[in-house]
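Asks: Below are the sequence and a predicted model for it; my questions follow.
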Amino acid sequence: MTILPRDFELEPGKKIFFASDFHLGTPSYEKSRIREDLIVKWFRSIQAEAQAVFLVGDIFDFWFEYKRAIPKGFVRFQGVVAEFTDRGIPVVFFTGNHDLWMFDYFTQELGVEVFHRPQVWNINQKKIYVGHGDGLGPGDHTYKMLKKVFTNKLAQWMFARLHPNLGIGFASLWSRKSRAKNMKKDDRFFGQEEWLWQYTQEVEANTHHDYYVFGHRHLPLDLEVGTKSRYINLGEWLHYQTYACFDGNEVSLRAFEKALPAIHLEQLKN
């Protein structure tokens, strides 16, 4: 496994790429496979330029690793990740609320570093704070309580006692219902009530970071945090196909084979 240093300089012509919220596995096998092919195509399109790739959570709509079994499918995605790591291109994976039950499979089989909490890198002297974003900021108390249960070792052990057909089937159904319930909320820009934006301002008040890069929110956003920092939300791949790129000077939002949606320029109305 190639470990990405916490403090480094980009090689000439190289870039760092960030993407999140692929939600592979939903809403149907057929549509997920089409999206998986698109994601593989995106990976191959950035391979020559990529010095590292950050996958910032909810890559799968549901994921749980049993001791000797993983969810069926997604082999093309796993294959292209292995291509990158085999070539010495680090891939960093942050678990999200839909795939938080990821343990050591990606590390052992694909050479991927997996993180369950936000982390900070200093790249070209730019301090970049990266995390999925679930459970951060004000509100969402029900989910924060559920996350404590889902990350509890005893709860994970008990779930692992279920046969994979039952466990994965039940959890996948729950995941789809949860996402459907929040779909309208995902489409709205909440202005000053954007909770991850509020979270970045709280962090920035204590420790400066040049960029805060999150997923989870599903809206591609590029917003100021104070006067010297920016909050980037990566959007998602069910509709927007957005990602971010750090070229050594700045982090910018992009869209793959689509126009970048106007929401990324959304500013406070008040």
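Replies: Happy to help now that I have it.

Asks: Give me the residues contacting stretch 202-211.
Replies: With contact meaning CB atoms under 8 Å, 6 or more residues apart in numbering, stretch 202-211 is reached by 120, 126-129, 137, 212, 225-226, 228-232, 246, 251. For glycine as for every other residue, the C-beta is placed from the backbone atoms N, C-alpha and C.

Asks: what pLDDT, on average, does that stretch get?
Replies: Averaged across stretch 202-211, pLDDT comes to 96.

Asks: Just give me how far that stretch sits from the chain centre.
Replies: 20 Å (CA atoms, centre = their mean, to the nearest Å).

Asks: Which of the helices and strands in this protein ranks last by mean pLDDT?
Replies: Sorting the helices and strands of the chain by mean pLDDT, DSSP states H and E puts helix 183-186 at the bottom, at a mean of 57.

Asks: picking up where we left off before, by neighbour count, which of the contacts of stretch 202-211 wins?
Replies: residue 212 (28 neighbours; other CB atoms under 10 Å).

Asks: From residue 236, how far off is that residue?
Replies: 18 Å (CB to CB, to the nearest Å).

Asks: just the helices in the stretch 1-150 of the chain please.
Replies: 29-46, 75-86, 105-110, 141-150 (DSSP state H, counting those that start in this stretch).

Asks: Turn the ones you listed into JSON lines, including distance to residue 190 and mean neighbour count.
Replies: Listed next are the helices of the stretch 1-150 of the chain as JSON lines, based on distance: least, CB to CB, whole Å; neighbours: other CB atoms under 10 Å:
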{"stretch": "helix 29-46", "distance to residue 190": "27", "mean neighbour count": "15"}
{"stretch": "helix 75-86", "distance to residue 190": "31", "mean neighbour count": "17"}
{"stretch": "helix 105-110", "distance to residue 190": "33", "mean neighbour count": "16"}
{"stretch": "helix 141-150", "distance to residue 190": "16", "mean neighbour count": "12"}
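
Asks: Which among the ones you listed is found nearest to residue 96?
Replies: helix 141-150 (10.8 Å; CB to CB).

Asks: what mean pLDDT would you report for that closest one?
Replies: For helix 141-150, the mean pLDDT works out to 65.

Asks: cool, stretch 103-121 as well?
Replies: Stretch 103-121 comes out at a mean pLDDT of 95.

Asks: Now the residue nearest to the spatial centre of the chain. Nearest residue, chain neighbours left out?
Replies: Geometric centre of the chain, nearest residue: residue 56, 2.0 Å, by CA atoms, centre = their mean. Distances taken as CB to CB, 6 or more residues apart in numbering put residue 20 closest to residue 56, at 3.7 Å, once the chain neighbours are dropped.

Asks: returning to what we had before: and which of the contacts of stretch 202-211 is nearest residue 30?
Replies: For the contacts of stretch 202-211, the nearest to residue 30 is residue 232 (31.5 Å; CB to CB).

Asks: May I have the secondary structure class of that closest one?
Replies: Here residue 232 is strand, with the state taken from DSSP: H, G, I helix; E, B strand; the rest coil.

Asks: Phi first, then psi, for the nearest residue to it once chain neighbours are set aside.
Replies: In space, and not counting its chain neighbours, residue 232 is closest to residue 213: 4.9 Å by CB to CB, 6+ apart. Backbone dihedrals for residue 213, given as degrees, to the nearest 10, come out at phi -120, psi 120.

Asks: same thing with the one 4 residues further on?
Replies: Backbone geometry at residue 217, expressed as degrees, to the nearest 10, gives phi -70, psi -30.
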